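Q: structural data only, the sequence is not supplied:
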């Protein structure tokens, strides 16, 4: 069942960015159809074929048109599916645009549990403004909110970050615990909660969106690349009831910061919302299967997850970088090497569910590797 031909990859590209390089850059566009991409985290079932066809039909008109210069129009389309006040939203050219604006312009210092999504540490205004809080390896990198709050106050940090579910850990913090933390830390200038993966956390989405008005120092950040499966459209948003925060952010956002294809996609959200939730629930089912099967493989430790991806520690002796290259070259499967994540060691990879059929292929590949390394 495994490919017979070993492929050549451009290994130097892995060392030129802290993020995973594009698969097309690594293997070439002609090879893309032969590779299963478990690295980039995105919903494999949405947009569905009907919506993709509609986008294709509209493409000639969209690429010849300017996007709207009125950001409130797109905010209204998004608010219809989020069920929030559109005035509490800012839509960005990916969540990374908004993260960069926040950490560069709105905060002086911030507590950051590590390992984490590197944009929060790399785009900070001053390097020493990032106050790193190491998550304990012996507790599966779980964030204890009470300990975190005590540490923040003891170190007199004025802002804080929580990614829920965590990235790259996949750990999920219960909604009741999140609300208790926000209540306790109401004195902080800002609390950023990144919920980019929260739609995969359960059948009922344990988001803070319905409670946005209760916490004036809260800024929710979400990447639509993840839960909507559209990384190429570069869509993300933040939500806050603090209009001073939003006003300051808008000063740094250029006109036409999202393109016409992305704008048109937003107009289709309400109409396709039922299909989206069917896709979301399907992903949840798939990742539970992936997690259960991965746990059966000797030589790998699988961390609990509340997201659509799984963090794995290689305990069979192979390092993450070597495993990543081996899977890509010999098995044509691309996974995330997490060894460059601050707070993790050299033996962790992250894999995102790509549907049960493709997930089974990855499971078998890891079983095969496990058997070879046990020998």
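A: Thanks, I have the structure now. Source: prediction; values computed, not measured.
Q: could you list which residues are in contact with residue 290?
A: Applying Cβ atoms under 8 Å, 6 or more residues apart in numbering, one finds that residue 290 lies in contact with 310, 351, 353, 356, 359, 362-363. Placement of C-beta: from N, CA and C, glycine included.
Q: could the residues you listed go into TSV alongside neighbour count and distance to residue 248?
A: What follows is the contacts of residue 290, written out as TSV (neighbours: other Cβ atoms under 10 Å; distance: Cβ to Cβ, whole Å):
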residue	neighbour count	distance to residue 248
310	24	37
351	25	38
353	28	37
356	15	45
359	24	43
362	23	43
363	19	47
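Q: sitting in strands, which of these do you find?
A: Counted as lying in strands by DSSP state E, out of the contacts of residue 290, are 310, 351.
Q: ok, so of the contacts of residue 290, who is nearest residue 21?
A: Proximity to residue 21 was ranked across the contacts of residue 290 by Cβ to Cβ; first place goes to residue 351, at 16.9 Å.
Q: would you mark the buried spots in stretch 283-302?
A: Taking 16 or more other Cβ atoms under 10 Å as the basis for neighbour counts, the residues of stretch 283-302 that come out buried are 283-284, 286-287, 290-291, 293-294, 297, 299-300, 302.
Q: and that stretch, how far apart are its ends?
A: Here the two ends of stretch 283-302 are set 18 Å apart, with distance taken as Cα to Cα, to the nearest Å.
Q: swap in stretch 207-214?
A: For stretch 207-214, the first and last residues are 13 Å from each other (Cα to Cα).
Q: quick check: mean pLDDT of that stretch?
A: Regarding stretch 207-214, the rounded mean pLDDT is 98.
Q: ok, which stretches of this structure are helices?
A: 23-27, 49-62, 71-82, 95-105, 119-122, 145-154, 175-184, 224-227, 243-250, 260-267, 273-294, 320-331, 356-374 (DSSP state H).
Q: pick the most deeply packed of those helices.
A: Greatest average neighbour count among those goes to helix 224-227 (a mean of 24), per mean count of other Cβ atoms under 10 Å.
Q: for that one, the averaged confidence score.
A: The predicted model assigns helix 224-227 a mean pLDDT of 93.
Q: which helices and strands sit right next to that helix?
A: Helix 224-227 sits against strand 235-239, with contacts defined as 3 or more Cβ pairs under 8 Å, 6 or more residues apart in numbering; DSSP states H and E.
Q: got a pLDDT number for the closest residue to residue 21 other than its chain neighbours?
A: Computed as Cβ to Cβ, 6 or more residues apart in numbering, the closest residue to residue 21 that is not its neighbour in sequence is residue 13, at 4.2 Å. Looking at residue 13, its pLDDT stands at 70.
Q: I figured residue 13 was touching residue 27, is that so?
A: No. Look at residue 13 against residue 27 with Cβ atoms under 8 Å: they stay out of range, at 10.2 Å.
Q: could you dump the helices of the chain into a markdown table with distance to residue 208 added?
A: Formatted as a markdown table, the helices of the chain follow (distance: least, Cβ to Cβ, whole Å):
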| stretch | distance to residue 208 |
| --- | --- |
| helix 23-27 | 33 |
| helix 49-62 | 28 |
| helix 71-82 | 12 |
| helix 95-105 | 16 |
| helix 119-122 | 18 |
| helix 145-154 | 13 |
| helix 175-184 | 6 |
| helix 224-227 | 15 |
| helix 243-250 | 15 |
| helix 260-267 | 22 |
| helix 273-294 | 18 |
| helix 320-331 | 32 |
| helix 356-374 | 30 |
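Q: kind regards, and thank you for your time.
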